[in-house]
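>>> Sequence first, then the predicted structure, then my questions.
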Amino acid sequence: MQEPIRRTLRPEDARRSNLAVVLRAIYNDSQLSRADLARATGLTKVTVSDLVAELMSGGLVSESGTSGNVRPGKPSTLLTFNATARDILAMDLSARDQLRGAVLSLRGEPILTRVRPLDGAFGDDALVAARELAAELKQAAVHPVLGLGVGTPGTVNTAGSVLAAPNLHWHNLPLQEILHDDLGLPVRVENDANVAVLAERRFAGGPDDLVRIQLSRGVGAGLLVGGRLVHGAASDAGEIGHVVVDEAGGVCGCGKVGCLETWASVPALTARIQADPDRRDALLAEAGHRLGLALAPVVGMLGLQHIVIGGPSQIAATPLLDAARTCIADRTRSEFRPELELVASPLGADAVLLGAAALVLLGELGVG
């Protein structure tokens, strides 16, 4: 019988984990003292003081005055997170006609943005454009750089390689490795819908169990369960755009008939509406219904309550949202299930950029 693989927890691993726990607490509440942190984290006061000293030496944390404590004794010194200690570079490769980049603070506040037109480029030409944009962002950073996060369409494995991005004509592209070698910085590459759901949780107050649907050149989904991204055995979790929802529908670019993408992607819906503008609301509702057909089994299986729809405001609009919500509710309703919350994303066009920043925060600082 094969012996189970055992991983020994090294002291440096435990310290790194404890640093992340303390930093995450300060990031989320900049009115905590060292004693508050010890109570909140379960760590000893000595350990907390040692970890805070390390975070302060790195510039990530500083003291911000004293508490207004009316109890006897010396007032507590409060700690605050320094959002300008590092810059985060972020890139959004999901749009059809352009690549977007930004330099952001550790709070996700934009310092500057850059846009690089694609002009129909794909394959090696699109890769060159992405590399040039990354280099431009590094040059434009005003503080030490924590890392670069990239949200890209397609199937991306845990090593940051793009296994397949048909619209960019990328296959088995080690994008994370290429950009790391170019920049000499930590780089994290993830599917665009996956980073967008991280943005909903970190920057829009989303819950730990959440689905975010990305309506763009295709249809993708990012799924959080217990606060963790679900990747799937083949790194293709969330690829709902090619789930068949209409066997009598049109031919999809993947070769199947009636995929969700033929109904609910931005290009497909835009073309339908332009051909019959008087039926705009009805066409959006039809697309929403089919989106609901694809999502209902997921909601029923995982017991999800929160769904966020991202995409252009003229597409992720009330008729589509209402139809999707109704379809899911009709197919999953029970006396035990709470009312489904299905809303448009508040993050607008910046969801993928913010998600790329959230990816770096999570990977480099443990702030999720």
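Cool, got the structure.
>>> Just the terminal-to-terminal distance for stretch 300-307.
Using Cα to Cα, to the nearest Å, one end of stretch 300-307 lies 13 Å from the other.
>>> what comes into contact with that stretch?
206-207, 209-213, 225, 295, 298-299, 324, 328, 331-332, 337-343 (Cβ atoms under 8 Å, 6 or more residues apart in numbering). From N, CA and C alone the C-beta is placed, and that goes for glycine too.
>>> Give me the secondary structure label for His171.
Assigned with DSSP: H, G, I helix; E, B strand; the rest coil, His171 falls in the strand class.
>>> what's the burial count for the residue lying closest to it once chain neighbours are set aside?
What sits nearest to His171 in space, not counting adjacent residues and going by Cβ to Cβ, 6 or more residues apart in numbering, is Ala164, at 5.5 Å. Ala164 is flanked by 17 other residues according to other Cβ atoms under 10 Å.
>>> in a strand, that's where Ala164 is, yeah?
Yes. Assessed with three-state DSSP, Ala164 lies in a strand.
>>> counting contacts, what elements does the helix or strand hosting Ala20 pack onto?
For Ala20, the host element (DSSP states H and E) is helix 11-28. If you count contacts as 3 or more Cβ pairs under 8 Å, 6 or more residues apart in numbering; DSSP states H and E, helix 11-28 packs onto helix 34-41, helix 45-57, strand 77-81.
>>> Out of the ones you listed, which one sits most buried?
strand 77-81 (a mean of 19; mean count of other Cβ atoms under 10 Å).
>>> which residues sit in contact with the spatially closest residue to Ser94 that is not a sequence neighbour?
Nearest residue to Ser94, sequence neighbours excluded (Cβ to Cβ, 6+ apart): Asp192, at 4.1 Å. Counting by Cβ under 8 Å, 6+ apart, Asp192 touches Asp92, Leu93, Ser94, Gly151, Thr152, Pro153, Gln214, Ser216, Gly220, Val352, Gly355.
>>> Can you report phi and psi for the second one?
Backbone dihedrals for Leu93, given as degrees, to the nearest 10, come out at phi -100, psi 20.
>>> same deal with the fifth one?
When read as degrees, to the nearest 10, the backbone of Thr152 gives phi -130, psi 150.
>>> so how far is Ile88 from it?
17 Å (Cβ to Cβ, to the nearest Å).
>>> How about the residue nearest to the spatial centre of the chain: what's its closest non-neighbour residue?
Compute the mean C-alpha point of the chain, and by Cα atoms, centre = their mean the closest residue is Val195, 2.1 Å away. In space, and not counting its chain neighbours, Val195 is closest to Gly355: 3.1 Å by Cβ to Cβ, 6+ apart.
>>> For the one you found, give its distance to Ala199.
When Gly355 is compared with Ala199 (using Cβ to Cβ), they lie 4 Å apart.
>>> residues contacting Leu168?
Leu168 neighbours (Cβ under 8 Å, 6+ apart): Leu93, Phe122, Gly123, Ala126, Thr152, Pro153, Gly154, Val162.
>>> quick check, nearest of those residues to Val187?
Thr152 (11.8 Å; Cβ to Cβ).
>>> Model confidence for the closest one, exactly?
pLDDT recorded at Thr152 is 95.
>>> go on, the one 10 residues further on?
The predicted local distance difference test score for Val162 is 96.
>>> burial of Gln314, as a residue count?
Neighbours of Gln314 (other Cβ under 10 Å): 12.
>>> before we move on, what SS does it have?
Applying three-state DSSP: Gln314 is coil.
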